[in-house]
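Undergrad: Quick check, what structure comes out for this input:
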Amino acid sequence: MNEKLTIRTNEISTKAFDDFQKKHENYFKDYLEENIRKCLEDFEYHTLFLLNSISLNSEALFLDYCKWVREVFLNLAILIESIVESLNLIVEAIREIVGLEVGKVAERYVELCIKELKRKTSEIQETYFNPLKTYLEEYINLIFAGKRNEAFKMIVNLVSNGTDISDIYK
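TA: From the prediction side, this is the model:
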C-alpha cells in the first residue's frame, strides 16, 4: 500500500467527523467547543492508526489499537456503537478521498476491529486488577490536556522499564 496514505489523515478524519456531526446535530448543539475538539481528535487518531496499519500491511497493529480503544472508551463510558459508527464513516471518507482499492482494505480492517469492539465484556474479563490503571488514568489526562508527546513518553518509559506491551492494553 501507499506509504503516503497518512498525509491524507486530516482530510479523511475531518470529512468523517463532519458527516458524524451532521448526522448527530442535536447531540452536538449543546457540546462545549473543547468536547467537539476532543471528538475530532478521536477521529484523527482512529484514521491515523487505520492508515498506518494499512501502509504497514498489518491487521494486527490495527486490532491491537482497537483493543486499546475499547478499554479506554469503556473506562470513559463512551458507547462502543459510537466508535463503530465513527470507523464506518472513516472508511466511507477513505473511499471518497483515496479510492475504492484502499477503501476495501480499510473496510476489512474495520470489520475485524468492530468484531473486537463488540466482544462481550465477560469474554475480555469482567473484573480484574490492573496495576497499570493509574498509568491509564494519567495517560488519558495527558491526552485530554493535549500533551500527546508526554503521553507517548510515558508508554515508552513503561515498556523500557520492562512492562510487557500487552499488559498496557489490558
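Undergrad: Packing partners of the helix or strand encompassing K153?
TA: Element membership for K153, per DSSP states H and E: helix 148-160. In terms of contacts (3 or more Cβ pairs under 8 Å, 6 or more residues apart in numbering; DSSP states H and E), helix 148-160 is packed against helix 133-144, helix 165-169. For glycine as for every other residue, the C-beta is placed from the backbone atoms N, C-alpha and C.
Undergrad: ok, E150 to Q21 distance?
TA: Using Cβ to Cβ, to the nearest Å, one gets 29 Å for the distance from E150 to Q21.
Undergrad: Point to the residue nearest the middle of the chain.
TA: H46 (3.7 Å; Cα atoms, centre = their mean).
Undergrad: So that residue is in contact with N88, correct?
TA: No - counting by Cβ atoms under 8 Å, N88 is not a contact partner of H46; they are 10.7 Å apart.
Undergrad: of all the helices and strands packed on helix 148-160, which lies closest to L112?
TA: Closest approach to L112 among the helices and strands packed on helix 148-160 (Cβ to Cβ): helix 165-169, 15.6 Å.
Undergrad: Give me the helices and strands touching the closest one, please.
TA: Right, helix 165-169 is packed against helix 59-75, helix 148-160 by 3+ Cβ pairs under 8 Å, 6+ apart.
Undergrad: Buried deepest among those, which one?
TA: A comparison of these by mean neighbour count, using mean count of other Cβ atoms under 10 Å, puts helix 59-75 on top with a mean of 18.
Undergrad: quick check: mean pLDDT across it?
TA: Across helix 59-75, pLDDT averages out at 88.
Undergrad: try stretch 30-48
TA: 88.
Undergrad: what does stretch 50-59 contact?
TA: Residues from elsewhere that reach stretch 50-59, judged by Cβ atoms under 8 Å, 6 or more residues apart in numbering: 1-3, 5-6, 8-9, 12, 61-62, 65, 87, 90, 94, 102, 105-106, 108-110, 112.
Undergrad: Pick out the shakiest of the helices and strands packed on helix 148-160, pLDDT-wise.
TA: Among the helices and strands packed on helix 148-160, helix 165-169 carries the lowest mean pLDDT (a mean of 69).
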